[in-house]
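Asks: Got a sequence here, can you build the structure:
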Amino acid sequence: MSIDEAKEVLRIEEEGLASVRERIGEEFLQAVDLIYDCPSRLIITGIGKSGIVGQKISATMNSCGTASFFLHPVEAMHGDLGMVQSSDVVLAISYSGETAELNTLLASLKRRCAKIIAMTGNHQSTLAEFADVVLDISIPKEACSLGLAPTTSTTATLALGDALAVVLVNRNQFQAADFRQNHPAGSLGERLKVQVSEVMLTGEKVPQVRNGTSLHDAVKELNDKNLGAVLVVSEQKQVDGIVTDGDIRRFVTDLVDFVVTPVREVMTENPVTISKEKQAVDALSIMQRHEITILPVVDSSNSMCGILHLHDLLGKGEFRFLL
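Replies: Numbers count the residues shown, from 1 in each chain. Here you go, the predicted structure:
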C-alpha cells in the first residue's frame, strides 16, 4: 500500500510540474531579462517553506554565475533591508501571495525602486499587485493527502527557479570553467578534469627573465613572484631553462658572484614542460614522476604560455604527491 501511495505522490507532483510548464510564456522571458540586465544582484525572499526553496534557488544562481543572496523578510524589517540597493532585482516567493511578513517587506522594497518578480499561485494576490512580473506556479493539487502541507507547490517553485537559473546560464554564456571557479573546494577528481590552460598562471603572474639576464635579477624576480622558480626565456619567448630555489641554494654554497654570473649558467636547460591543451591530471602525473612542483606551460613551438604550480592543482593546504 505504501509503495502505491508513494507513486501517487510522484504522479501528482509530475502533474503539477506539467501544469506549470504549459503556462510558461512571455512573463518568464521578462523575468529573465530583468535578472540578466540587473547591474547588481538578485535578491530572493520568502518565508516558511517558500523561504527554504528560495535559499536553494539563490545558491543555484550563485553557482551558475548570477550574483544572488537570500533575504529573510523578518530580518529585513529589522535592519537587513540596508543590504538592498535600488538597482537590485527582487524575486519574491509566496504560493498564496498573501504572506503578511513578505508583503510588508515588499512595500518597503517598492519604495526603494527595486524591480520585483513574483512567484505565486494567485494572480489576484497582494504579492502579484506589488510585482513588475508575475510567474505563475499554481498547481492542480498538493500531494499531501490532507491538501495542507506544501508539496507539489514547493516542487513546482523549485523547478521554475531551476529553469530561470539554467536559461540565465545560457544567456550569460557561463562555461564549465566558470562553474569550477565558483567551486574551488570541489573534489580533487573534478579539479583534475580541467585543461591546464584553465588553471595555469599567465601574464605578469609568471616569474620570467630573458636569457642573458644576471643571476641577481633572476633571484629578484624569483623573490617578487614567490613561486619557487623562475623561467628563462628567449627573445621569442621560448622556454630555454628554469631556475629553482634549490638551484640558488646550491650555487650559494659555491660562492657564485650573483651580479656578474648570467642566469644561463645556473638554469636547468630544456626543462620538463606541458602543453596548455593537456588535462590537469596529466600535469600532476608529470610532477609526480619528476618530483617537481613547478611546470612551464608551452605551445607547439615551445613558446611560453604560462606556468603551473602544484598548489594550483591540489589547492592550498593539500600540498602532497599522490601515492
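Asks: host element of Val90?
Replies: Using DSSP states H and E, Val90 falls within strand 89-93.
Asks: Now do that strand: everything it contacts.
Replies: Applying CB atoms under 8 Å, 6 or more residues apart in numbering, the contact partners of strand 89-93 are 31, 34-35, 38, 41-46, 50-51, 53-54, 57, 84, 102, 106, 109, 114-120, 127, 130-131, 157, 161. (C-beta placed from N, C-alpha, C; glycine too.)
Asks: and it, which strands flank it?
Replies: strand 42-45 (parallel), strand 115-120 (parallel) (DSSP bridges).
Asks: count of residues packed around the closest residue to Asn103 other than its chain neighbours?
Replies: What sits nearest to Asn103 in space, not counting adjacent residues and going by CB to CB, 6 or more residues apart in numbering, is Thr126, at 4.9 Å. Look at Thr126: counted by other CB atoms under 10 Å, it has 20 neighbours.
Asks: How about the contacts made by Thr126?
Replies: By CB under 8 Å, 6+ apart, the contact set of Thr126 is 97-98, 103.
Asks: Distance check, it against Phe174.
Replies: Between Thr126 and Phe174 the computed distance is 35 Å (CB to CB, to the nearest Å).
Asks: One more: Ala159?
Replies: Taking CB to CB, one finds Ala159 at 20 Å from Phe174.
Asks: just Gln124 next, same as before
Replies: Gln124 is 36 Å from Phe174, where distance means CB to CB.
Asks: In strands, which of the contacts of Thr126 fall?
Replies: Among the contacts of Thr126, DSSP state E puts none in strands.
Asks: List buried members of these by neighbour count.
Replies: Among the contacts of Thr126, those classed as buried by 16 or more other CB atoms under 10 Å are 97, 103.
Asks: Take the contacts of Thr126 and lay them out in CSV including distance to Thr261 and pLDDT.
Replies: Output for the contacts of Thr126, formatted as CSV (distance: CB to CB, whole Å; pLDDT from 0 to 100):
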residue, distance to Thr261, pLDDT
Gly97, 78, 94
Glu98, 80, 94
Asn103, 76, 91
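Asks: can you tell me which of the contacts of Thr126 are in helices?
Replies: Counting by DSSP state H, the members of the contacts of Thr126 that fall within helices are Asn103.
Asks: Poorly predicted segments of this structure, please.
Replies: When residues are selected by pLDDT under 70, those of the chain lie in 1, 175-193, 253-256, 258, 315-323.
Asks: His123 against Ile137, yeah?
Replies: No. With contact defined as CB atoms under 8 Å, His123 does not reach Ile137; the gap is 10.6 Å.
Asks: who's in contact with Gly121?
Replies: Gly121 is in contact with 95-97, 136-139, 153, counting by CB under 8 Å, 6+ apart.
Asks: Name the nearest of those residues relative to Arg249.
Replies: Ile137 (66.0 Å; CB to CB).
Asks: how many neighbours does the closest one have?
Replies: 28.
Asks: ok, the nearest residue to Lys205 once chain neighbours are set aside - contacts?
Replies: Once flanking residues are discounted, Lys205 sits nearest to Lys225: 7.1 Å by CB to CB, 6+ apart. By CB under 8 Å, 6+ apart, Lys225 lies in contact with 205-207.
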